[in-house]
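*Asks:* Take this sequence and fold it.
(chains A, B, C and D, ligands or ions: 6)
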Amino acid sequence: MNRLEVDFLGVRFPNPVVTASGTFNFGREYAHLYPLSRLGAVTTKGVSPRPIAGAPTPRITETPMGMLNAIGLENKGVDAYVADELPWLKAQGARVIVNVFGDEAADFAHVARKVSPYADLIEVNLSCPNVHGGRLPFAHDPEAAAEVVRRVKDATDRPVLAKLSPNGPLLPVAEVLEAAGVDGFSLINTLLGMRMDLERRRPVLGNRQGGLSGPAVKPVAVRLVYELYRHTDRPILGMGGIASAEDALEFALAGARLVAVGTATFADPYAPLKIARGLEAFFQGRGERWRDWVGAAHTPD
Amino acid sequence: MNRLEVDFLGVRFPNPVVTASGTFNFGREYAHLYPLSRLGAVTTKGVSPRPIAGAPTPRITETPMGMLNAIGLENKGVDAYVADELPWLKAQGARVIVNVFGDEAADFAHVARKVSPYADLIEVNLSCPNVHGGRLPFAHDPEAAAEVVRRVKDATDRPVLAKLSPNGPLLPVAEVLEAAGVDGFSLINTLLGMRMDLERRRPVLGNRQGGLSGPAVKPVAVRLVYELYRHTDRPILGMGGIASAEDALEFALAGARLVAVGTATFADPYAPLKIARGLEAFFQGRGERWRDWVGAAHTPD
Amino acid sequence: MTPASPELAPRRPRWDDHAVTIVASESLGPHQRLVLAMPTLEARFGPGQFLNLSVPGHVLRRPLAPSRHEGGEVELIVTPFGPGTRDLVALPVGTRLQALAPLGNSFPIPADEAALVGAGAGAAPLAFLAETLLRAGRRVHVFHGAVSNEDRPLVQAVYERLGLEVRYFSEDGSLGRRGYPTEGLAELLAGGAEATVYSVGPFALMRAAARLAIEHGRPGYVSLDVHMACGVGACLSCAVQTTAGQKHACVDGPVFEVREVVW
Amino acid sequence: MTPASPELAPRRPRWDDHAVTIVASESLGPHQRLVLAMPTLEARFGPGQFLNLSVPGHVLRRPLAPSRHEGGEVELIVTPFGPGTRDLVALPVGTRLQALAPLGNSFPIPADEAALVGAGAGAAPLAFLAETLLRAGRRVHVFHGAVSNEDRPLVQAVYERLGLEVRYFSEDGSLGRRGYPTEGLAELLAGGAEATVYSVGPFALMRAAARLAIEHGRPGYVSLDVHMACGVGACLSCAVQTTAGQKHACVDGPVFEVREVVW
Ligand SMILES: Cc1cc2nc3c(=O)[nH]c(=O)nc-3n(C[C@H](O)[C@H](O)[C@H](O)COP(=O)(O)OP(=O)(O)OC[C@H]3O[C@@H](n4cnc5c(N)ncnc54)[C@H](O)[C@@H]3O)c2cc1C
Ligand SMILES: Cc1cc2nc3c(=O)[nH]c(=O)nc-3n(C[C@H](O)[C@H](O)[C@H](O)COP(=O)(O)OP(=O)(O)OC[C@H]3O[C@@H](n4cnc5c(N)ncnc54)[C@H](O)[C@@H]3O)c2cc1C
Ligand SMILES: Cc1cc2nc3c(=O)[nH]c(=O)nc-3n(C[C@H](O)[C@H](O)[C@H](O)COP(=O)(O)O)c2cc1C
Ligand SMILES: Cc1cc2nc3c(=O)[nH]c(=O)nc-3n(C[C@H](O)[C@H](O)[C@H](O)COP(=O)(O)O)c2cc1C
Ligand code: FES
Ligand code: FES
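*Replies:* Ligands and ions are numbered 1, 2, ... in the order given. Okay, the predicted model is just below:
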């Protein structure tokens, strides 16, 4: 009996632990450590229509139990990944969630169409700036975000997740996206933050601001997953600071059906696998299953 | 030469380090450790017109490099504090920032009027729920927040700080409050968060959600102070995770003229004093002054 | 600051932040015995008082009630529970920490007999109380409860060294009697013993002990385990509902008379 | 996974996560010498390669380039800089950590002479290189720069044990010559030495050394110090602008030919 197996929008995941976008690239760097098929899924680095060089360095810096990143969405563009990485990743037997973004709604759709043959799910990154909307992130502009979802839904037959931002209003955006036909949600993306360099009397990061991730943000992420779960019946991929099986269980109780591990992989490249094993041992010991725990903190006492 | 001296809205502070509301009560608990006059100021626990019993326990829980609290605004009501605590606190020679709140704008004004004789500054806590506004926090409802500021300004001759919330939009609220006549800002209040109890499969806190504070939130706080500083010419009292002189300097660079220490006092009751001493040594060593650093990260290279 | 005049206003010794060093750390099955050297503390802990101990990597301190205070050394019994206590019991001997102490109130000394009802690390403050009572010439009954026999090393360490005979109760009967320690208390009180009741342990245990004390008209005291941040009355996190209104466990307790607690 | 065939495709030893133990920790003035026992690492570090070391209480590892790798032990020179390296140098002997290793590329071996220009902990990979070169029978010149004489213990520890004569430059003239180590390099190259140049240190120093190498038509290599998270090519944080486009220091470097770097 596989106590961790979970169905998510019609896709069967052998366990609920997936990698978080941008922290595992396309998996090649880690594939010699363990078969990628042992993970719930690999979520790819964000893919845009054309290559992007990214932000000036330093692109990362550490903060108390967290890190800031301002990679600036560096990627080689969809054609390179469709040629070199996605077929390889699929051939590893891994389930694949492709994270897509662009400057405008049509870009998202373009990428989604091209990666669909290799994708089990499409994750739409709404935290990237809307170039035609004053560079406000899509996630903070419900109408622009809805347009992205509609276009992507038209472009692919794969289930589409909207990745929500913790920096703006959450539930109003989720509501509009549901109406636009989104299949599920993933959250949280990073919280905007900053660290100062006392020698240079300047922000540490080349981009000044960056996205905060890691254990520091976990309470915020659990809260947002909990609030979204109360509001929606669509499934949730939860993330933000997960570094242990216990952390993953907090997200399950709050309502996450899948969980992603990001920053923790930098501290331990085996982290996603160890967390899946930890969950297995936990449920084995209690004679329960992962899916019994999903949303369990919401059931009345 | 006092390198730390700072003028803030016409009040002279011997150093910029004040205690954060709700973490130091009215100072009596710590007064046997050091004279409270050595601090920049004491910010009191939030004071409401009538006593409030507060939230069910547990009211606090720890998170990675942070803590969640849901005290539920417990306090004895303004009359008790005017009778017992504020005269005593003033008699210690401490500068006093009184944190005020209520169910509606008139409550804030009522409290501000009563505490004014003992207050150097009034800090208006806009994160508390607006009882007549669907219990949405005032900070998320610019019009209600502006009404609070207007009423408090009318009720007191002391400078009035609006304490902003990191959970909603910041700059739009700040803008409206400036128009309403606010003298300065203090931020950040806590970030909403949650921790799950795996044994009980329930949120740990009696109130389910709580406010996240401590080093974990520092990058978010520095970023918000930095953004507000670019936007306003009114002085800023910055806080969120400050636990060392270096942390305080990050806030100065971002634009904070005063800084508050909250959660760190639980780890070390001497923390506010040690941070002030650390700043003194820092500026002594460099032959500079605190006020040279305020906002210095904004000056062009 | 003007010095207090102890003759006129006898009051609690004021707490301060003390540098401490772990000088011994010993596993007692599921619990850990830690001994802290605390040379700067002049006051003596009373049984039931606690300290608020720093743990490296954690922003909050952890409240812990000593099981003994002797010659500048404080003994603690710590049960690893969450991340903080797990990290604490793993610290090597020689680690330096900080402790706010002494905090809170302590158990009053009974006129005559005392019945101590505990479980787990609740044995720590109770053992301290037992030692104090034996020195004061009081008669002490100890009832200790556990799930199975995992608390044997703990009971040996803190009670048997006092020469006390502990009545042991375990849920599975693997040590002492099968059942709960309140059964021992019930028999003692039913037998007419004029004992003051003291209980530290899980909420349900303390409530059961409190009910027996009230039923038999005996004084009773419990130490309430409330989540704490500051430990000194400043943060208001440790609210306790009492018949005299809301109190705060870190300064008004942790010890409360059983009739005062709203159970 | 199919095993690679080394004859057909000679490639870098693959990194893994290795349990390491601090077996020595010694202060060298402003630096700390750490020795890690790393029994499970079969591959040998090349000079310039690095490991990504865990530090308790920190979510990111810290990249560090060994100064020696001998008999299952790796020697590091760490300069406390921010919170992570400060915590690292304070760890007691016996502490167990995790290290991703071996990471990155290494310095190529020159045809004949080598000129090493370093400062601070840049001496670590350069000393490793020097040792490798001496074993390979190459001639090695070392120029080390510092603010004053604070690096004396470091130079003794890593270079003098190799029997190397180090030309020392200090800004205040308190040890060796007053000035910068690139002055020594300039004189060497001006004298016609056919040396390959290697530089590790602050950006300005490496750039100055690179310019001299280019000016004199000599090959030159630097190790770029870029903030890293994963250390293995997955996070794209360590971007470096090169004449061949954007590269990533953790996998394409940290060693780059000086003509390839966009200075
Ligand atoms: C007066 C007093 C005396 C105590 N004496 C002992 C003792 O001698 N031995 C012993 O093993 N335990 C004792 N406890 C309980 C002990 O303090 C908690 O088990 C411990 O704080 C839990 O911390 P954690 O990191 O393991 O768990 P976490 O859940 O991670 O703790 C998070 C936060 O919640 C607080 N917290 C969590 N559980 C409790 C709790 N049960 N009581 C109080 N605060 C809590 C912690 O202080 C911390 O701030 C005592 C508690 C009190 C109030
Ligand atoms: C390939 C390589 C080899 C190195 N070898 C050595 C060595 O042998 N000895 C030595 O003392 N130092 C070496 N460094 C520099 C060392 O990694 C940094 O000083 C250290 O990471 C700073 O961490 P911190 O916690 O002190 O500072 P923090 O500023 O708190 O570090 C925060 C984050 O930024 C990164 N970071 C900060 N500064 C640097 C930096 N200068 N380089 C890379 N990442 C940084 C850290 O990895 C960490 O993730 C090397 C760096 C690289 C890239
Ligand atoms: C270095 C780095 C790069 C990231 N890149 C992306 C990205 O390209 N697209 C995206 O949607 N999220 C990206 N994220 C956000 C993560 O996928 C995740 O939402 C966030 O880090 C919270 O999870 P964690 O705390 O486990 O890291 C990135 C995060 C990090 C740390
Ligand atoms: C236990 C606790 C109680 C608090 N009570 C109040 C309050 O009554 N009014 C208020 O404006 N802020 C209150 N705060 C927020 C703090 O004043 C401060 O804004 C926040 O904790 C961030 O600072 P820190 O990280 O230094 O604690 C409270 C914080 C804590 C931890
Ligand atoms: S723990 Fe802070 S008031 Fe009791
Ligand atoms: S450090 Fe992650 S790609 Fe180089």
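
*Asks:* Number of residues surrounding A:Gln284?
*Replies:* 12 (other C-beta atoms under 10 Å in any protein chain shown). (Each C-beta comes from the backbone N, C-alpha and C, glycine too.)

*Asks:* Go ahead and list the helix or strand containing the closest residue to it other than its chain neighbours.
*Replies:* Spatial nearest neighbour of A:Gln284, chain neighbours left out: A:Arg3 (6.5 Å); criterion: C-beta to C-beta, 6 or more residues apart in numbering or on different chains. Using DSSP states H and E, A:Arg3 falls within no helix or strand.

*Asks:* In contact with A:Arg3, which residues?
*Replies:* A:280, A:283-284, A:288-290 (C-beta atoms under 8 Å, 6 or more residues apart in numbering or on different chains).

*Asks:* now chain A, which segments are flagged as low pLDDT?
*Replies:* For chain A, residues meeting the criterion pLDDT under 70 lie at A:301.

*Asks:* Ligand 2 contacts on that one?
*Replies:* Contact residues, chain A versus ligand 2 (C-beta under 6 Å from any ligand atom): A:61-62.

*Asks:* so how far is B:Val222 from the residue of chain A positioned farthest from its centre?
*Replies:* Among residues of chain A, the one most distant from the C-alpha centroid is A:Glu199; the distance is 34.5 Å, by C-alpha atoms, centre = their mean. Distance, A:Glu199 to B:Val222, by C-beta to C-beta, to the nearest Å: 16 Å.

*Asks:* Next: C:Leu60.
*Replies:* C:Leu60 is 22 Å from B:Val222, by C-beta to C-beta.

*Asks:* Which one of these two is surrounded by more residues?
*Replies:* B:Val222 (30 against 26).

*Asks:* That one falls within a helix, correct?
*Replies:* Yes - applying DSSP: H, G, I helix; E, B strand; the rest coil, one finds B:Val222 inside a helix.

*Asks:* My read is that it contacts B:Ala254, right?
*Replies:* Yes - using C-beta atoms under 8 Å, B:Val222 is in contact with B:Ala254, at 5.0 Å.

*Asks:* Quick check: C:Glu131 touching C:Arg68?
*Replies:* Yes - the pair C:Glu131 and C:Arg68 qualifies as a contact (C-beta under 8 Å) at a distance of 6.6 Å.

*Asks:* In the chain, mark out all the helices, start to finish.
*Replies:* Just so you know, I chose chain A. A:78-80, A:86-91, A:105-115, A:142-155, A:171-179, A:218-231, A:245-254, A:264-267, A:271-286, A:290-293 (DSSP state H).

*Asks:* think we crossed wires, I meant chain C
*Replies:* Counting by DSSP H, chain C has helices at residues C:83-89, C:123-135, C:152-158, C:181-190, C:203-215, C:249-252.

*Asks:* In the stretch 1-150 of chain C, which residue sits nearest ligand 5?
*Replies:* C:Pro63 (7.8 Å; C-beta to the nearest ligand atom).

*Asks:* give me every residue that touches that residue.
*Replies:* C:Pro63 touches C:50-53, C:103, C:228, C:231, C:250, C:254, counting by C-beta under 8 Å, 6+ apart.

*Asks:* Of these, which is the nearest to B:Gly10?
*Replies:* Distance to B:Gly10 across the contacts of C:Pro63 (C-beta to C-beta) is lowest for C:Gly231, with 37.2 Å.

*Asks:* which ones are touching the closest one?
*Replies:* C:Gly231 sits in contact with C:50, C:52, C:61, C:63, C:100, C:103, C:250, where contact means C-beta under 8 Å, 6+ apart.
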